[in-house]
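A.B. asks: dropping the sequence and predicted coords here.
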Amino acid sequence: MVCTSALAENDALEEIVVTAQKREQSAQDVPIAIVAFAGNQLERLDLQSSADLTRLVPGLNVTGSFGGQLLTFSLRGVAQ
């Protein structure tokens, strides 16, 4: 899934290649949800830290310990 709400009319993402099945496939041919952003989109979205991605990526959770110095990311229940 490409987040088009953040895309301006003249922005376009290049083809996204997924290698999750140990072979190159187009993101459109892989039966998984994908959120992709271009670098200039991230700049316009004014992200201050990596934890801000939780606003944009469904199923992404960030928890912190030690006063936020150690962040743990989990995506749909799978943690790093």
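C.D. replies: Arrived safely. Numbering: from 1, shown residues only.
A.B. asks: for the nearest residue to Thr72 once chain neighbours are set aside, grab the count of nearby residues.
C.D. replies: Among residues not flanking Thr72 along the chain, Thr63 sits closest, at 5.0 Å (C-beta to C-beta, 6 or more residues apart in numbering). All C-beta atoms are positioned from the backbone trio N, CA, C, and that covers glycine. Per other C-beta atoms under 10 Å, the neighbour tally for Thr63 reads 12.
A.B. asks: elements contacting whichever strand or helix holds Thr63?
C.D. replies: Per DSSP states H and E, Thr63 falls inside strand 60-65. Packed against strand 60-65, as judged by 3 or more C-beta pairs under 8 Å, 6 or more residues apart in numbering; DSSP states H and E, are the following elements: strand 70-75.
A.B. asks: can you pull up the bridge partners for the nearest residue to Gln80 once chain neighbours are set aside?
C.D. replies: Among residues not flanking Gln80 along the chain, Phe73 sits closest, at 5.3 Å (C-beta to C-beta, 6+ apart). Counting by DSSP bridges, Phe73 forms beta bridges with Val62.
A.B. asks: verify the stated contact: Phe73 with Gly64.
C.D. replies: No - Phe73 is beyond contact range of Gly64, at 10.3 Å (criterion: C-beta atoms under 8 Å).
A.B. asks: what pLDDT does the spatially most central residue of the chain get?
C.D. replies: For the chain, Val35 is the residue whose C-alpha lies nearest the centre (C-alpha atoms, centre = their mean; 4.8 Å). pLDDT recorded at Val35 is 84.
A.B. asks: do Phe73 as well
C.D. replies: 90.
A.B. asks: next, the contact list for it, please.
C.D. replies: Contact analysis of Phe73 by C-beta atoms under 8 Å, 6 or more residues apart in numbering lists 50, 60-62, 79-80.
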